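Visitor: build the 3D model from these lines:
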Amino acid sequence: MENIESYKEGNKLVIIINLDGERSGEKRLTKSGKSIMVASTQMRYQNNLDERVTIGVNAYKKNPDYKK
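Guide: Numbers count the residues shown, from 1 in each chain. Next comes the predicted model:
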């Protein structure tokens, strides 16, 4: 989990992403280089019916340095 927070509040999941942030390292840019990864995570929570719920979140922004 990078640049993202989450917590369960009753039967709701609250996800907080810092929109000014970016991931670091190799996973910062998409394969095409068109986008920069802002945040990414995969989470698992139990709901009130005792079912497992899996959530995947990816947040991107345009890469201003990308040239065709």
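Visitor: need the contact list for residue 41.
Guide: Neighbouring residues of residue 41 by CB atoms under 8 Å, 6 or more residues apart in numbering: 1-2, 4, 6, 56-57. Every C-beta, even on glycine, is put in place using the N, C-alpha and C of the backbone.
Visitor: take those and keep only those in strands.
Guide: Here DSSP state E is the test, and the contacts of residue 41 give 4, 6, 56-57 as lying in strands.
Visitor: element containing the spatially most central residue of the chain, please.
Guide: By CA atoms, centre = their mean, the mean C-alpha position of the chain lies nearest to residue 40, the distance being 2.7 Å. Assigned by DSSP states H and E, residue 40 falls within strand 35-46.
Visitor: hey, C-alpha coordinates of that strand in PDB?
Guide: Output of strand 35-46 as PDB, limited to C-alpha atoms (Å, rounded to 0.1, in the frame of the first residue of the first chain):
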ATOM      1  CA  SER A  35       0.600   8.000 -16.900                       C
ATOM      2  CA  ILE A  36       2.200   8.300 -13.400                       C
ATOM      3  CA  MET A  37       0.800   6.000 -10.700                       C
ATOM      4  CA  VAL A  38      -0.500   8.100  -7.800                       C
ATOM      5  CA  ALA A  39      -1.600   5.300  -5.500                       C
ATOM      6  CA  SER A  40      -2.200   1.600  -5.600                       C
ATOM      7  CA  THR A  41      -3.500  -1.100  -3.200                       C
ATOM      8  CA  GLN A  42      -5.400  -4.300  -2.700                       C
ATOM      9  CA  MET A  43      -7.400  -4.800   0.500                       C
ATOM     10  CA  ARG A  44      -9.500  -7.500   2.000                       C
ATOM     11  CA  TYR A  45     -12.300  -6.800   4.500                       C
ATOM     12  CA  GLN A  46     -15.000  -8.800   6.200                       C
END
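Visitor: report the distance from it to the chain centre.
Guide: 3 Å (CA atoms, centre = their mean, to the nearest Å).
Visitor: what mean pLDDT does it get?
Guide: The average of the pLDDT scores along strand 35-46 is 91.
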